[in-house]
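Trainee: let's see this in three dimensions:
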Amino acid sequence: MTGACTGQCNPGYAGPDCQPDTTTCPVGTYGQTCQNTCNCPNRQSTACDKMTGACTGQCNPGYAGPDCQPDTTTCPVGTYGLTCLNTCNCLNRQSTACDKMTGACTGQCNPGYTGPDCQPATCPVGKYGSICQNTCSCAKRQSTACDKATGTCTGQCNPGYTGPDCQPDTTTCSVGTYGQTCQNTCNCPNRQSTACDKMTGACTGQCNPGYAGPDCQPDTTTCPVGTYGQTCQNTCNCPNRQSTACDKMTGACTGQCNPGYAGPDCQPDTTTCPVGTYGLTCLNTCNCLNRQSTACDKMTGACTGQCNPGYTGPDCQPATCPVGKYGSICQNTCSCAKRQSTACDKATGTCTGQCNPGYTGPDCQPDTTTCSVGTYGQTCQNTCNCPNRQSTTCDKMTGACTGQCNPGYAGPDCQPDTVTCPVGRYGQTCQNTCNCPNRQSNACDKTSGACTGDCSPGYTGQGCQTKGK
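Mentor: Residues are numbered from 1 along each chain as shown. Below you'll find the model as predicted:
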């Protein structure tokens, strides 16, 4: 009815549709009819995917990766190559390691060798090392030369030294002497031995007990806290400090000051007290009456501000100035010349004496209110001298005239006014007639009558008396 095949599949085919059966391909083949051969070198098995031919077996030892390439990452040190069959050639190096692929040496050069191929170093005299970075230590030899690799000195020993390490040759110098001919005496006080370097004289013996350092100075570093001196016999004197520690040699205190103390000697710290207070804790109030400031000494409370005017002395007591003086120390002179007394207020200098006769008011100004007209002066004893004026009044102090000038007079002194005389007249009251013949004008000087007009035509000379021809 359906036409579905009922017979068995041919060999190499399987399934309801008799598709090529690759599941039964023998190992090393793949494809629909297993006609292809797997290409899987460097593997533990020739097996591959039956459809794609992708290799599925594990890589052989020495091979790695998806394509089982030669694995050089696991070559032992000193070998390289695809199968690690080659030996690294790395002479004069600290390691035989080389690049796993190329065989290029990677280890550092041995001391005394340098460069990419680790050739023997050509260091200058006195230097050694792979890059000649080290200095030969051959002070006891006649030459600073040393082995370029190890730094071993090669020069001969200096006189007085012997042996492979050029140790001092003490076979000839007696203990306590040094120098090429042992002529010098070692100077090594405070030591257990007078021995010294045979060449330099540097002391080599250990310090005596109680001495230390390169020069065997007294050892005070072990003194207990609070003591000092060569034998720690002195006691540190460090009051007002958080510690009794002091310098082991000088006894100078080293501990920090206690709270409320400051400075190199840890004196009470009163520098921060507000103005008007004093004492270790600033609890005291300055008592500074009659001063310009309430400030006082932070330790003693002694007032430091200046006295107010009228007060003087260390305690700013009211000033007892002599008559005619005032000020905080009576340094000023009263200015009271117009009074019957030079006395004044000791603080302000205000005059207190009565005004002299003829003066009045708080400032003792001249009292001219009672002088009669025509008099002046402190007692009106002087007569005003004011001629040519409409009034005899004058300044009550100076006598300067104050009235207006009479007609025909002018100026501060009311002199005759001649500037207003008519032409041809002169004199104080213009009573004179100008005499100016032979002139174009009969004008003349208002005071002297000297002619001022030009000569008339035909006349010359100073007085216009000469008649021309």
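
Trainee: could you use CA atoms for every contact and neighbour count after this?
Mentor: Fine.

Trainee: and this protein, what are its domains?
Mentor: 9-71, 368-417, 418-461 (automatic domain parsing).

Trainee: quick one: end-to-end length of the longest one, please.
Mentor: For domain 9-71, the first-to-last residue distance is 47 Å (CA to CA, to the nearest Å).

Trainee: ok so, going back, mind putting the domains of the chain into JSON lines with distance to Asn234, mean pLDDT and mean neighbour count?
Mentor: Shown next, in JSON lines, are the domains of the chain (distance: least, CA to CA, whole Å; pLDDT from 0 to 100; neighbours: other CA atoms under 10 Å):
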{"stretch": "domain 9-71", "distance to Asn234": "80", "mean pLDDT": "82", "mean neighbour count": "16"}
{"stretch": "domain 368-417", "distance to Asn234": "89", "mean pLDDT": "82", "mean neighbour count": "17"}
{"stretch": "domain 418-461", "distance to Asn234": "112", "mean pLDDT": "85", "mean neighbour count": "17"}
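
Trainee: make a markdown table from these and add distance to Pro264 to it.
Mentor: Formatted as a markdown table, the domains of the chain follow (distance: least, CA to CA, whole Å):
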| stretch | distance to Pro264 |
| --- | --- |
| domain 9-71 | 77 |
| domain 368-417 | 73 |
| domain 418-461 | 94 |
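
Trainee: of all the ones you listed, which lies closest to Asn237?
Mentor: For the domains of the chain, proximity to Asn237 was assessed by CA to CA; domain 9-71 is nearest, at 80.3 Å.

Trainee: now Thr333: phi and psi?
Mentor: Per-residue torsions, Thr333: phi -100, psi 130 (degrees, to the nearest 10).

Trainee: so who does it touch?
Mentor: 324-326, 349 (CA atoms under 8 Å, 6 or more residues apart in numbering).

Trainee: out of the residues you listed, grab the one that's most surrounded.
Mentor: The most crowded member of these, judged by other CA atoms under 10 Å, is Tyr326 (26 neighbours).

Trainee: what's the separation between that residue and Gly453?
Mentor: 72 Å.

Trainee: same deal with Cys273?
Mentor: Counting by CA to CA, the separation of Cys273 from Gly453 is 96 Å.

Trainee: start and end of stretch 227-242, how far apart?
Mentor: Using CA to CA, the distance between the terminal residues of stretch 227-242 is 16 Å.

Trainee: what residues does that stretch touch?
Mentor: The contact list for stretch 227-242, computed with CA under 8 Å, 6+ apart, reads 210, 218-220, 223-224, 226, 244-253, 255-258, 261, 266-267.

Trainee: let me know the secondary structure of Cys25.
Mentor: Secondary structure assignment for Cys25 (DSSP: H, G, I helix; E, B strand; the rest coil): coil.

Trainee: now it: how far from Thr52?
Mentor: Taking CA to CA as the measure, Cys25 falls 13 Å from Thr52.

Trainee: just Asn435 next, same as before
Mentor: In terms of CA to CA, Asn435 sits 163 Å off from Thr52.

Trainee: likewise for Pro318?
Mentor: Using CA to CA, one gets 126 Å for the distance from Pro318 to Thr52.

Trainee: now the strands for the stretch 101-250 of the chain?
Mentor: For the stretch 101-250 of the chain, the strands defined by DSSP state E, counting those that start in this stretch cover 113-114, 119-120, 127-128, 134-135, 161-162, 167-168, 177-178, 184-185, 211-212, 217-218, 227-228, 234-235.
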